[in-house]
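Novice: got a predicted model here, sequence first, then my questions.
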Amino acid sequence: FSEFVVRDARLMAEAGVNVVRTYEPVTDPAVLDELWRNGIQILNTIYSHAAKPVEAVRKEVDAVKHHPALLMWVAGNEWNYNGCYLHMDVNHC
């Protein structure tokens, strides 16, 4: 994302976008700086699947937790399907 953020943030700002939600964590402060310069805040997904170790989540949070572009954390993504990520039977996901 870092190679596209300058152009994409400008285009999003021109379109009136002021908040984006991620599906994977953004931990690069330079990316957040560019979003913030364009008036865009982020809903940063930090725990998108159950297989991720808690220590990995802690590192992702610590990397950017004080950045002003961070509006909120998103813990999880489509939890009703997360059992499927762990190869659980589809009837039990």
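Specialist: Yep, that arrived.
Novice: please, where are all the helices along the protein?
Specialist: For the chain, the helices defined by DSSP state H occupy 5-14, 29-37, 54-64, 79-85.
Novice: could these be laid out in CSV, adding distance to residue 21 and mean neighbour count?
Specialist: Where you see a C-beta, it was placed from the backbone N, CA and C, and this is true even at glycine. Putting the helices of the chain into CSV (distance: least, CB to CB, whole Å; neighbours: other CB atoms under 10 Å) gives the following:
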stretch, distance to residue 21, mean neighbour count
helix 5-14, 12, 15
helix 29-37, 12, 18
helix 54-64, 15, 14
helix 79-85, 15, 14
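Novice: so which of those gets nearest residue 70?
Specialist: With CB to CB as the criterion, residue 70 lies closest to helix 54-64 of the helices of the chain, at 6.0 Å.
Novice: circling back: any chance of the helices of the chain in a markdown table, with distance to residue 47 and mean pLDDT too?
Specialist: Formatted as a markdown table, those follow (distance: least, CB to CB, whole Å; pLDDT from 0 to 100):
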| stretch | distance to residue 47 | mean pLDDT |
| --- | --- | --- |
| helix 5-14 | 23 | 97 |
| helix 29-37 | 18 | 97 |
| helix 54-64 | 5 | 93 |
| helix 79-85 | 10 | 63 |
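Novice: just put those in CSV and tack on distance to residue 71.
Specialist: CSV is the format used below for the helices of the chain (distance: least, CB to CB, whole Å):
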stretch, distance to residue 71
helix 5-14, 14
helix 29-37, 10
helix 54-64, 12
helix 79-85, 21
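Novice: what's the closest of those helices to residue 48?
Specialist: helix 79-85 (8.5 Å).
Novice: straight-line length of stretch 3-19, end to end?
Specialist: Counting by CA to CA, to the nearest Å, you get 20 Å between the two ends of stretch 3-19.
Novice: same question, stretch 41-52
Specialist: Stretch 41-52 end-to-end distance (CA to CA) = 25 Å.
Novice: give me the contact list for it.
Specialist: Residues from elsewhere that reach stretch 41-52, judged by CB atoms under 8 Å, 6 or more residues apart in numbering: 18-26, 32, 35, 57, 60-61, 64, 69-77, 82-83, 85-86.
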